[in-house]
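Enquirer: Sequence below, structure please.
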Amino acid sequence: MEPESLGTFLRNRRGRVTPADVGLRTYGTARRVPGLRREELAQLAGVSAGYYTRLEQDQAGTASRQVLDALARILLLDAAETAHLHNLALRRAEPRMVRPQRQQLHPRVLALLESLGRNTPAVVLGRRGDVLAWNRTGHALTAEHVDFDAPQDSARRPSVPRMFFLDSHTRDLHENWDELARTHVAYLRFTAGRYPTDRRLAELIGELVMHSDDFARLWATGDVADCTVGTMRLRHPTVGRVDVDYQVWLQPDTPDHRLEIYTANDEPSADALRLLADQGSGRHVCADRPLSGAPVAPR
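Expert: Below you'll find the model as predicted:
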C-alpha cells in the first residue's frame, strides 16, 4: 500500500470546504469544483497560487510550519488532522520502508495492567492495533473466541483491525460496528502519517483494502482521527448486552503503546462485567512476555 502524500491529503480536504464555510462570496456563479479552488485557498492562506499548486503536486519540497498552520486553519482541520498534515509534510517524498523491531512492553505497563485486576477489563495495543497484552476480563469482553495466550506468540498475536474487518465474530459482537469501523480506519490513517516507513503497517492497510470492501470504502474517505475515547455497545455471546466506554492511556516513553480500559455505562453492564470477571481464574494477565513469577497460561 503506497503511503498517503501531502498533496493527496490537501486535495481531499480542499474538496470538502465550500466558499461559504470560509466566508467567500460566489455571486451565484457556476463552479466546476465542489470545494475551494486552488487560487482561493492559496489567497486565504497567504501563499501564491503557483506555490500551492506545487504543494498539491508534491513538488514544493518542505513547507514551513506557518504555511501548514495557515492551510489547516482554512481547511477547518481539527487537532488530529492538523498533526497529520504536519506529519505528511515532514516525510520524505520516497521514504524507504523498514520492518520495525519487535515491540516490547515496558515493565511498568505490565505492572499497571496487573494492578487493574480482573474487575477492570483492559487491553494493551501496539501502534498497528495488535494486542500486546490483556487481562482475563479484557480478553473475555473483546475477543473470547481467541486464545487467551495468543499475544505471547507474534505469529498468532491478535490484530484488532484485522478482527474488526475480516472476522465475523468481532463484527457480530459490536452493535455500533459502523461507528467504530470509521474510527478504526481514521486512526490507522493517523498512525500511517506518524510512521510512514513502517512496512508492516503499510502491509496491514494494503491487506485490508484488498480483502474488505468496507475498509476500502472508509479508507477512500481520507478521514483522520486520534482514537482516545468512545463507546462500545456489545451483543456478547456469553453475558448478553454490554454497554461500555473505552478510554486510552498513552505511555510517555512508548507513545505508540496504548492501554485501553473499559468501564460500564449502566448497572446491567456492570453486572455483565462482574460475571465475566468471575469466570476468569488463575493468572490475570497475558502479555508478549510473562510477568515475573507468573505461571504461563494453559492453551
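
Enquirer: which residue sits closest to His211 in space, ignoring its chain neighbours?
Expert: Counting by Cβ to Cβ, 6 or more residues apart in numbering, Leu166 is the residue found nearest to His211 once chain neighbours are left out, at 6.1 Å. The way it works is simple: take the backbone N, C-alpha and C, and place the C-beta from them, glycine included.

Enquirer: What segments of the stretch 101-250 of the chain are helices?
Expert: For the stretch 101-250 of the chain, the helices defined by DSSP state H, counting those that start in this stretch occupy 107-115, 136-143, 160-166, 168-173, 177-194, 199-211, 213-220.

Enquirer: Thought Val209 was touching the residue nearest to His211, still the case?
Expert: No. In this structure Leu166 lies outside contact range of Val209 using Cβ atoms under 8 Å: 11.8 Å.

Enquirer: can you pull the contacts of Asn87?
Expert: 193-194, 196 (Cβ atoms under 8 Å, 6 or more residues apart in numbering).

Enquirer: Compare those and tell me which has the most neighbours.
Expert: Tallying neighbours with other Cβ atoms under 10 Å puts Gly193 at the head of the contacts of Asn87, with 24 neighbours.

Enquirer: What pLDDT does the model give the residue nearest to that residue when sequence neighbours are not counted?
Expert: Ranked by Cβ to Cβ, 6+ apart and with sequence neighbours excluded, the top spatial neighbour of Gly193 is Asn87, at 3.8 Å. The model reports Asn87 with a pLDDT of 92.

Enquirer: do you know how far Asn87 is from Pro196?
Expert: Going from Asn87 to Pro196 by Cβ to Cβ, to the nearest Å gives 7 Å.

Enquirer: returning to what we had before: wait, what's in contact with the residue nearest to His211?
Expert: Contact partners of Leu166, counting by Cβ under 8 Å, 6+ apart, are 208, 211-212.

Enquirer: any idea how far it lies from Ala181?
Expert: From Leu166 across to Ala181, the span is 12 Å (Cβ to Cβ).

Enquirer: where does stretch 10-28 sit relative to the chain's centre, distance-wise?
Expert: Relative to its chain's centre, stretch 10-28 lies at 28 Å (Cα atoms, centre = their mean, to the nearest Å).

Enquirer: Just the C-alphas of it, formatted as PDB.
Expert: What follows is stretch 10-28, C-alpha atoms only, in PDB (Å, rounded to 0.1, in the frame of the first residue of the first chain):
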ATOM      1  CA  LEU A  10      -4.700  18.600   0.600                       C
ATOM      2  CA  ARG A  11      -6.800  17.800  -2.500                       C
ATOM      3  CA  ASN A  12      -9.100  15.700  -0.400                       C
ATOM      4  CA  ARG A  13      -9.600  18.400   2.200                       C
ATOM      5  CA  ARG A  14      -9.900  21.300  -0.200                       C
ATOM      6  CA  GLY A  15     -12.800  19.500  -1.800                       C
ATOM      7  CA  ARG A  16     -14.700  19.400   1.500                       C
ATOM      8  CA  VAL A  17     -14.600  23.100   2.200                       C
ATOM      9  CA  THR A  18     -17.100  25.300   0.500                       C
ATOM     10  CA  PRO A  19     -16.700  29.100  -0.100                       C
ATOM     11  CA  ALA A  20     -19.500  29.700   2.400                       C
ATOM     12  CA  ASP A  21     -17.600  27.800   5.000                       C
ATOM     13  CA  VAL A  22     -14.800  30.400   4.900                       C
ATOM     14  CA  GLY A  23     -16.800  33.500   4.200                       C
ATOM     15  CA  LEU A  24     -16.200  33.800   0.400                       C
ATOM     16  CA  ARG A  25     -19.000  35.200  -1.800                       C
ATOM     17  CA  THR A  26     -19.500  33.500  -5.100                       C
ATOM     18  CA  TYR A  27     -22.100  35.900  -6.500                       C
ATOM     19  CA  GLY A  28     -24.200  33.000  -7.900                       C
END
